[in-house]
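> Quick one, fold the following:
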Amino acid sequence: LDADNYETDPCLKEIRRAENYSWMDIITIHKDKLPNYEEKIKTFYEEHLHLDDEIRYILDGSGYFDVRDEDDKWIRISMEKGDMITLPAGIYHRFTLDENNYVKAMRLFVGEPVWTAYNRPADDFPARKQYMKFLAEEAQ
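Modelled structure (predicted):
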(Lines give C-alpha, C1' and ligand atoms only; values in the text may rest on other atoms or scores of the structure.)
Protein backbone atom coordinates (compact mmCIF):
# COMPACT_ATOMS: atom_id res chain seq x y z
CA LEU A 1 0.00 0.00 0.00
CA ASP A 2 1.05 3.58 -0.59
CA ALA A 3 1.63 4.83 2.96
CA ASP A 4 2.82 8.23 1.75
CA ASN A 5 -0.57 8.86 0.15
CA TYR A 6 -2.90 6.88 2.42
CA GLU A 7 -5.55 9.62 2.37
CA THR A 8 -6.08 9.16 -1.38
CA ASP A 9 -4.77 5.62 -1.99
CA PRO A 10 -7.37 3.80 -4.15
CA CYS A 11 -6.13 0.40 -2.94
CA LEU A 12 -6.75 1.32 0.70
CA LYS A 13 -10.11 2.78 -0.22
CA GLU A 14 -11.10 -0.48 -1.91
CA ILE A 15 -9.91 -2.60 1.05
CA ARG A 16 -11.93 -0.42 3.44
CA ARG A 17 -15.01 -0.72 1.23
CA ALA A 18 -14.67 -4.50 0.67
CA GLU A 19 -14.01 -5.29 4.35
CA ASN A 20 -16.46 -2.68 5.68
CA TYR A 21 -13.74 -0.91 7.72
CA SER A 22 -15.88 2.09 8.54
CA TRP A 23 -13.84 3.54 11.42
CA MET A 24 -10.17 4.47 11.59
CA ASP A 25 -7.70 6.49 13.57
CA ILE A 26 -3.95 6.94 13.64
CA ILE A 27 -1.69 6.13 16.57
CA THR A 28 1.93 7.18 16.92
CA ILE A 29 3.92 5.01 19.29
CA HIS A 30 6.96 6.98 20.41
CA LYS A 31 8.03 8.22 23.82
CA ASP A 32 7.45 11.86 22.79
CA LYS A 33 4.05 11.27 21.15
CA LEU A 34 2.12 8.67 23.17
CA PRO A 35 0.79 9.58 26.63
CA ASN A 36 1.76 6.97 29.26
CA TYR A 37 4.27 5.54 26.77
CA GLU A 38 6.01 3.08 29.11
CA GLU A 39 2.72 1.71 30.43
CA LYS A 40 1.23 1.37 26.94
CA ILE A 41 4.31 -0.42 25.58
CA LYS A 42 4.07 -2.97 28.39
CA THR A 43 0.34 -3.44 27.72
CA PHE A 44 0.89 -3.97 23.98
CA TYR A 45 3.57 -6.59 24.73
CA GLU A 46 1.39 -8.57 27.14
CA GLU A 47 0.02 -11.62 25.33
CA HIS A 48 -3.68 -11.04 24.69
CA LEU A 49 -6.60 -11.49 22.32
CA HIS A 50 -9.51 -9.38 21.13
CA LEU A 51 -13.11 -10.30 20.41
CA ASP A 52 -12.89 -8.51 17.04
CA ASP A 53 -10.27 -8.57 14.29
CA GLU A 54 -7.28 -6.28 14.83
CA ILE A 55 -6.36 -4.42 11.64
CA ARG A 56 -3.19 -2.36 11.51
CA TYR A 57 -1.66 -0.47 8.59
CA ILE A 58 1.87 0.85 9.12
CA LEU A 59 2.18 4.42 7.85
CA ASP A 60 5.72 5.02 9.09
CA GLY A 61 8.31 3.32 11.24
CA SER A 62 8.38 -0.36 12.10
CA GLY A 63 7.70 -2.98 14.74
CA TYR A 64 6.75 -6.60 15.34
CA PHE A 65 3.58 -8.56 15.90
CA ASP A 66 4.13 -11.91 17.58
CA VAL A 67 1.64 -14.77 17.19
CA ARG A 68 1.80 -18.44 18.16
CA ASP A 69 2.13 -21.43 15.84
CA GLU A 70 0.33 -24.77 16.24
CA ASP A 71 2.99 -25.86 18.77
CA ASP A 72 2.46 -22.67 20.81
CA LYS A 73 5.85 -21.28 19.77
CA TRP A 74 6.23 -17.61 18.85
CA ILE A 75 6.28 -16.44 15.24
CA ARG A 76 7.56 -12.90 14.80
CA ILE A 77 6.05 -10.84 11.98
CA SER A 78 8.12 -7.83 10.96
CA MET A 79 5.99 -4.85 9.98
CA GLU A 80 7.21 -1.74 8.19
CA LYS A 81 5.88 1.23 6.27
CA GLY A 82 3.21 0.16 3.78
CA ASP A 83 2.39 -3.17 5.47
CA MET A 84 -1.11 -4.09 6.62
CA ILE A 85 -2.03 -6.98 8.90
CA THR A 86 -5.33 -8.46 10.05
CA LEU A 87 -5.14 -10.51 13.23
CA PRO A 88 -8.33 -12.54 13.53
CA ALA A 89 -10.54 -12.30 16.60
CA GLY A 90 -9.45 -14.89 19.16
CA ILE A 91 -5.75 -15.12 18.17
CA TYR A 92 -3.25 -14.58 20.96
CA HIS A 93 -0.73 -11.92 19.99
CA ARG A 94 1.47 -9.10 21.22
CA PHE A 95 3.18 -6.07 19.68
CA THR A 96 6.56 -4.49 20.24
CA LEU A 97 8.64 -1.82 18.62
CA ASP A 98 11.99 -2.59 17.02
CA GLU A 99 15.25 -0.75 17.71
CA ASN A 100 13.87 2.43 16.08
CA ASN A 101 11.30 2.79 18.91
CA TYR A 102 8.79 4.42 16.56
CA VAL A 103 5.75 3.42 14.58
CA LYS A 104 2.81 5.34 13.17
CA ALA A 105 -0.13 3.10 12.37
CA MET A 106 -3.69 3.32 11.17
CA ARG A 107 -6.15 1.32 13.26
CA LEU A 108 -9.20 0.12 11.34
CA PHE A 109 -12.46 -1.32 12.64
CA VAL A 110 -15.77 -2.60 11.37
CA GLY A 111 -18.21 -0.32 13.18
CA GLU A 112 -17.34 1.36 16.46
CA PRO A 113 -13.87 0.59 17.88
CA VAL A 114 -13.53 -1.84 20.74
CA TRP A 115 -10.20 -1.57 22.54
CA THR A 116 -10.60 -4.31 25.14
CA ALA A 117 -7.70 -6.75 25.32
CA TYR A 118 -8.06 -10.00 27.25
CA ASN A 119 -4.76 -11.30 28.56
CA ARG A 120 -3.91 -14.97 28.27
CA PRO A 121 -5.51 -17.20 29.40
CA ALA A 122 -8.79 -16.21 27.78
CA ASP A 123 -9.75 -19.54 26.22
CA ASP A 124 -13.42 -19.46 27.25
CA PHE A 125 -14.40 -16.55 25.00
CA PRO A 126 -16.49 -17.53 21.95
CA ALA A 127 -14.03 -15.66 19.69
CA ARG A 128 -11.17 -17.89 20.93
CA LYS A 129 -13.24 -21.04 20.49
CA GLN A 130 -14.21 -19.97 16.97
CA TYR A 131 -10.57 -19.24 16.11
CA MET A 132 -9.47 -22.66 17.43
CA LYS A 133 -12.26 -24.34 15.44
CA PHE A 134 -11.05 -22.53 12.30
CA LEU A 135 -7.49 -23.77 12.92
CA ALA A 136 -8.67 -27.34 13.41
CA GLU A 137 -10.68 -27.23 10.17
CA GLU A 138 -7.72 -25.77 8.26
CA ALA A 139 -5.45 -28.55 9.53
CA GLN A 140 -7.65 -31.26 8.01
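> what residues are up against residue 68?
By Cβ atoms under 8 Å, 6 or more residues apart in numbering, the residues touching residue 68 are 74-75, 91-92. In this view, the C-beta of every residue, glycine as well, is placed from N, C-alpha and C.
> Ok, residue 19 next?
55, 108, 110.
> hang on, residue 44 packs against residue 105?
No - counting by Cβ atoms under 8 Å, residue 44 does not reach residue 105; the two are 11.0 Å apart.
> so what sits against both of these two?
With Cβ under 8 Å, 6+ apart as the test, residue 44 and residue 105 both reach residue 29.
> out of the contacts of residue 19, who's nearest residue 63?
Checking these against residue 63 with Cβ to Cβ, the nearest one is residue 55 at 15.0 Å.
> State whether that closest one is indeed within a strand.
Yes - under DSSP: H, G, I helix; E, B strand; the rest coil, residue 55 sits within a strand.
> Who is the nearest residue in space to it that is not next to it in sequence paired with across the strands?
Closest residue to residue 55 apart from its sequence neighbours, by Cβ to Cβ, 6 or more residues apart in numbering: residue 108 at 4.0 Å. When bridges are called by DSSP bridges, residue 108 pairs up with residue 24, residue 55.
> Give me the neighbour count for residue 108.
23 (other Cβ atoms under 10 Å).
> mind checking how far stretch 65-74 is from the chain centre?
15 Å (Cα atoms, centre = their mean, to the nearest Å).
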